[in-house]
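1. sequence and predicted structure below; questions after.
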Amino acid sequence: MTVTGLLEMKRAGQKIAMLTAYDYYTARMLDECGIDGILVGDSANMVFYGEPNTLSITVDQMIYHTRAVARAVRSALVIADMPFMSYQVNADDALRNAGRFLKEAGATAVKVEGGLNMVPTVKRLIEAGIPVMSHIGLVPQSIHRLGGYGVRGRDDKERAYLVESAQALAEAGSFAIVLEAIRGELAREITQSIPIPTIGIGAGAECDGQILVSNDMLGSFEDFQPKFVRRYANVAEVMRRAFGQYRDDVRNGEFPSDKEGY
Ligand code: KIV
């Protein structure tokens, strides 16, 4: 998959399926299953490291995870999430950090949160040959300014800002825009008003594609479940059962058997 491939999918009316991964074996399975885009999200800070939000993860940590994912992937597009404060200070800083994800980690593209305020930075990265996926609506790196993870675009002013931001980011050259936690009608309006794909997460069915945090949809991360998540499995339950069974087998002398050795 390439960034132009995603544009062609939008033009052809084909829905785009993306998920997150932070490690080699998950990325390999996503790739084998035909997932179009794999985001190495800064959600790793919560679901991998157990932090309360995405803010404290560093560029070095994200590069470590991106490298593991990129090593596994044969055809999906690998997008690395730029962590908080790795692109907000100025465009030079953003360019230096974004470049590391392509040079050191093997990503094909980066994601940055923000609307109109990010347009100059997005342009700078694209001019240097770095494809950018934007992210508007609920932007988790601004959690302390927003005051919570609730739905965005609640008043006319914010709705207008989001539409204007999407158009400006598309014009600046972003190859896709994540729309997080906005109502379906607003997502539809944005989707219809820009030529690049919208990738929804809690933004209704009319986006050009969808993304979820893999740990949420697998049911392996149980600390909380956003309203928009569909659970496709209960992996935490499967893991607990397996770990408990192993503990019992060891305690009862039933593992290992004669065949499970040399
Ligand atoms: O970090 C992440 O996983 C994300 C997705 C939720 C879009 O930004």
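-> Perfect, thanks for sending it. Predicted, not measured: the structure shown is a model, and the values here were computed from it.
2. what number of residues lie near the closest residue to the ligand within the chain?
-> Ranking the residues of the chain by distance to the ligand (C-beta to the nearest ligand atom) places residue 41 first, at 2.3 Å. C-beta: built from backbone N, CA, C; applies to glycine. As a burial measure, the neighbour count of residue 41 was computed by other C-beta atoms under 10 Å and equals 29.
3. list phi and psi for the nearest residue to it once chain neighbours are set aside.
-> Beyond its immediate neighbours in the sequence, the residue positioned closest to residue 41 (C-beta to C-beta, 6 or more residues apart in numbering) is residue 20, lying 4.3 Å away. Comment: the main-chain dihedrals of residue 20 come out as phi -100, psi 160, following degrees, to the nearest 10.
4. number of nearby residues for residue 20?
-> The number of residues packed around residue 20, counting by other C-beta under 10 Å, is 28.
5. ok, it - contacts?
-> Going by C-beta atoms under 8 Å, 6 or more residues apart in numbering, residue 20 touches 38-41, 43-44, 211-215.
6. so of those, which ones are in strands?
-> Counting by DSSP state E, the members of these that fall within strands are 38-40, 211-212.
7. tell me what the strand or helix carrying residue 102 is packed against?
-> Secondary structure assigned from DSSP states H and E places residue 102 in helix 91-103. Counting contacts by 3 or more C-beta pairs under 8 Å, 6 or more residues apart in numbering; DSSP states H and E, the secondary-structure elements packed against helix 91-103 are helix 59-72, strand 109-113, helix 119-127.
8. of all the residues in this structure, which ones are close to the ligand?
-> 20, 39, 41-43, 81, 135, 178, 201, 211, 213 (C-beta under 6 Å from any ligand atom).
9. redo the residues you listed as JSON lines? Include pLDDT.
-> Formatted as JSON lines, the residues of the chain next to the ligand follow (pLDDT from 0 to 100):
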{"residue": "20", "pLDDT": "98"}
{"residue": "39", "pLDDT": "99"}
{"residue": "41", "pLDDT": "98"}
{"residue": "42", "pLDDT": "98"}
{"residue": "43", "pLDDT": "98"}
{"residue": "81", "pLDDT": "98"}
{"residue": "135", "pLDDT": "98"}
{"residue": "178", "pLDDT": "98"}
{"residue": "201", "pLDDT": "98"}
{"residue": "211", "pLDDT": "98"}
{"residue": "213", "pLDDT": "98"}
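10. pull out the buried members of those residues.
-> Among these, those classed as buried by neighbour count (16 or more other C-beta atoms under 10 Å) are 20, 39, 41-43, 81, 135, 178, 201, 211, 213.
11. residue 243: which of these is nearest?
-> Nearest to residue 243 out of these is residue 213 (C-beta to C-beta; 22.6 Å).
12. between the helices and strands packed on helix 91-103, which one is nearest to residue 247?
-> Within the helices and strands packed on helix 91-103, the stretch nearest residue 247 is helix 59-72; the backing value is 28.6 Å (C-beta to C-beta).
13. buried residues in the helix holding residue 102?
-> Across helix 91-103, burial judged by 16+ other C-beta under 10 Å covers 91, 94-95, 97-98, 100-102.
14. now what about that helix, what contacts it?
-> Counting by C-beta under 8 Å, 6+ apart, helix 91-103 makes contact with 59, 62-63, 66, 80, 82, 86-88, 107-108, 110, 112, 120-121, 124-125, 128, 130, 132, all of which sit outside it.
15. and this structure, what are its domain boundaries?
-> Listed domain ranges for the chain are 3-231, 234-262 (source: automatic domain parsing).
16. just say which of those is most tucked in.
-> When the domains of the chain are scored by mean count of other C-beta atoms under 10 Å, the highest mean neighbour count falls to domain 3-231 (a mean of 19).
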